[in-house]
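Novice: Got a predicted model here, sequence first, then my questions.
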Amino acid sequence: MDDLLADFLTETHEGLTALDSALLRLERTPDDQPTLSEVFRLVHTIKGTCGFLGLSRLEAVAHAAENVLGRYRDGSLPVTPAGISLILSSLDCIKAIVAGLETTGSEPAGDDAPLIAALNEAAEGRIAAAAAAMPAPPPSAAEVAPVVQAAEAAPP
């Protein structure tokens, strides 16, 4: 794994830890502008670095989440429990992709289209439709690593 990717993974883990705590605060006080700005900035940073490193899958999920958070931050969309749940789902997906990156040095395969579609629905103000369409949570990092390792061990 090159140093740039290793640095990205370290910074992303720090950002994801901060995001978990900030989202819990936001869930309790949805009108907390400083926390909203913090959440937006952290997701924006992850997205921006993904683009620089060519991590298209991770970038797409982060971008869709950032769009929702941007609407929350500018006040054009109210923060709701369903919206927070959707953002948490996107963070779960980001964590799973990051776990795959750590294991193999590249993004694992996966279909994030349902999650991205739900985030896009939410960004357009159709949170009820987005919540109904929300996909099952992605596998955890512990579930991803054995699958990736098995795939690597399989003969070509």
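Specialist: Sure thing, it's come through. Numbers count the residues shown, from 1 in each chain.
Novice: For Asp2, the count of nearby residues, please.
Specialist: Using other Cβ atoms under 10 Å, Asp2 has 9 other residues around it. For every residue, glycine as well, the C-beta is placed using N, CA and C.
Novice: Run through the residues that contact it.
Specialist: Taking Cβ atoms under 8 Å, 6 or more residues apart in numbering as the definition of contact, Asp2 has no neighbours.
Novice: ok, Asp31 touching Val79?
Specialist: Yes - with contact defined as Cβ atoms under 8 Å, Asp31 counts as touching Val79 (7.3 Å).
Novice: who has more neighbours, these two?
Specialist: Neighbour tally, Asp31 and Val79, criterion other Cβ under 10 Å: the higher count belongs to Val79, 24 against 11.
Novice: wait, what's in contact with that one?
Specialist: So Val79 contacts Leu26, Pro30, Asp31, Leu36, Tyr72 (Cβ under 8 Å, 6+ apart).
Novice: Quick check: the gap between it and Thr49.
Specialist: 25 Å (Cβ to Cβ, to the nearest Å).
Novice: so where's this protein uncertain?
Specialist: 1, 127-156 (pLDDT under 70).
Novice: Go ahead and confirm Leu58 touches Ile97.
Specialist: Yes - with contact defined as Cβ under 8 Å, Leu58 reaches Ile97; the gap is 4.9 Å.
Novice: and for those two, which residues touch both?
Specialist: Glu107.
Novice: So what's the residue count around the residue nearest to Ala62 when sequence neighbours are not counted?
Specialist: Sequence neighbours aside, Lys47 is the residue nearest to Ala62 in space, at 3.7 Å (criterion: Cβ to Cβ, 6 or more residues apart in numbering). Using other Cβ under 10 Å, Lys47 has 22 neighbouring residues.
Novice: Please apply the same query to the one 5 residues further on.
Specialist: Applying other Cβ under 10 Å, we find 11 residues neighbouring Phe52.
Novice: Now do the same contact list for it.
Specialist: Phe52 touches nothing, counting by Cβ under 8 Å, 6+ apart.
Novice: For the helix or strand harbouring it, buried residues please.
Specialist: Under the criterion of DSSP states H and E, Phe52 resides in helix 33-53. Using 16 or more other Cβ atoms under 10 Å as the test for burial, helix 33-53 gives 35-36, 38-44, 46-47, 49-50, 53.
Novice: how far does that helix sit from the chain's center?
Specialist: 10 Å (Cα atoms, centre = their mean, to the nearest Å).
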